[in-house]
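Participant: with the sequence up front, the predicted model follows.
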Amino acid sequence: MRIAVVADVHGNLEALNVVLDDLKKSSPDTVISLGDVVGYGANPQECCELLMEIVNVNIMGNHDAAVMGVLDTEYFNDEARYAVQWTKDQLSSASISWLGSSPHTFSDNNMLFSHGSPVNPRDFDYVVSTGDIEAVFYTFKDIHSLFFVGHSHRRFSASKSLSGNDYYPVGDISDVIKINKKRQYLFSVGSIGQPRDMDSTTSYGMLDTDKRIYSVKRLNYDIRTASEKIIKAGLPRWLAYRLMIGV
């Protein structure tokens with residue numbers, strides 16, 4: 001089985017369309033979205049409509065939850081808070097219903113999918129440090145061995161021996177990773193709509209469960225148009241500028 005894992009579209013229609021065109025060519029068996037379909041970008045409604053058609057599971061992201069009114073935006077920065085309020089007025093009732101029905105995690109056999117850390121998924125904690133990764137591996141050691149997260153907008157992977165021979169998880173930024181049955185793996189798939197790893201190209205992951213290979217796909221898209229639409233919509237200009245530099 002081939003599973004495409006996408007995350008953090010954030011209303012960026014230009015980036016999403018490029019990824020969807022690529023998925024048409026690769027024809028995965030399943031598409032899973034790790035949430036934050038909306039927020040920041042100028043086309044939240046269009047992105048919801050497209051993803052509703054192709055994803056098998058959509059996980060609740062913190063921006064999705066904020067738009068639904070089930071997460072306080074007090075800890076959001078000013079730009080993110082403004083975008084949440086603006087986004088609320090752009091969504092149809094069908095999109096709101098779809099986002100609101102999204103689970104906080106999804107599991108399938110040895111795999112666990114979440115927006116942020118699955119340890120306390122409703123808290124939307126980031127997974128960025130060794131300690132964050134270690135907590136995921138330790139909490140689910142006897143339950144799951146493959147973890148997929150978004151939220152940080154950074155693409156990376158980490159692994160750890162199930163036998164405990166290596167105490168700290170080993171990080172990896174390879175584009176293709178061969179999965180060893182004797183190890184746990186965490187894949188931070190990066191962001192489609194707002195990458196923050198100093199690479200402005202859109203990012204998503206593909207898992208081949210038969211070949212036991214996880215691969216990362218980075219694609220160029222029309223950043224200028226996506227940025228101009230953000231400014232034209234009256235959203236904070238920083239949300240447009242950061243697309244160009246990948247932060």
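Facilitator: Yep, that arrived. Numbering: from 1, shown residues only.

Participant: how about stretch 222-235, which residues are buried there?
Facilitator: Going by neighbour count (16 or more other CB atoms under 10 Å), the buried part of stretch 222-235 is 223, 226-227, 229-230, 233, 235. For every residue, glycine as well, the C-beta is placed using N, CA and C.

Participant: what's the answer for stretch 73-86, then?
Facilitator: 73, 76, 79-84, 86.

Participant: so which of those comes closest to Leu239?
Facilitator: Minimum distance to Leu239 across the buried residues of stretch 73-86 is 5.7 Å, recorded for Glu79 (CB to CB).

Participant: tell me the contacts of the residue lying closest to that closest one once chain neighbours are set aside?
Facilitator: Excluding its sequence neighbours, the residue lying closest to Glu79 (CB to CB, 6 or more residues apart in numbering) is Pro236, at 4.1 Å. Residues counted as contacts of Pro236 (CB atoms under 8 Å, 6 or more residues apart in numbering) are 78-79, 82-83.

Participant: backbone phi and psi for Pro236, please?
Facilitator: phi -50, psi 130 (degrees, to the nearest 10).

Participant: distance check, it against Lys217.
Facilitator: 29 Å (CB to CB, to the nearest Å).

Participant: with Pro44 instead?
Facilitator: Counting by CB to CB - Pro44 and Lys217 are separated by 23 Å.

Participant: for Asp36, see how far away the residue nearest to Gln194 when sequence neighbours are not counted is.
Facilitator: Closest residue to Gln194 apart from its sequence neighbours, by CB to CB, 6+ apart: His10 at 4.9 Å. Going from His10 to Asp36 by CB to CB gives 6 Å.

Participant: again, but for Trp86
Facilitator: Separation of Trp86 from Asp36 (CB to CB) stands at 15 Å.

Participant: for Asp29, same thing?
Facilitator: Taking CB to CB, one finds Asp29 at 24 Å from Asp36.

Participant: got the contact list for the residue lying closest to Ser95 once chain neighbours are set aside?
Facilitator: Closest residue in space to Ser95, ignoring its immediate chain neighbours: Cys48 at 3.9 Å, by CB to CB, 6+ apart. By CB under 8 Å, 6+ apart, Cys48 lies in contact with 37-38, 91-92, 95, 98-99.
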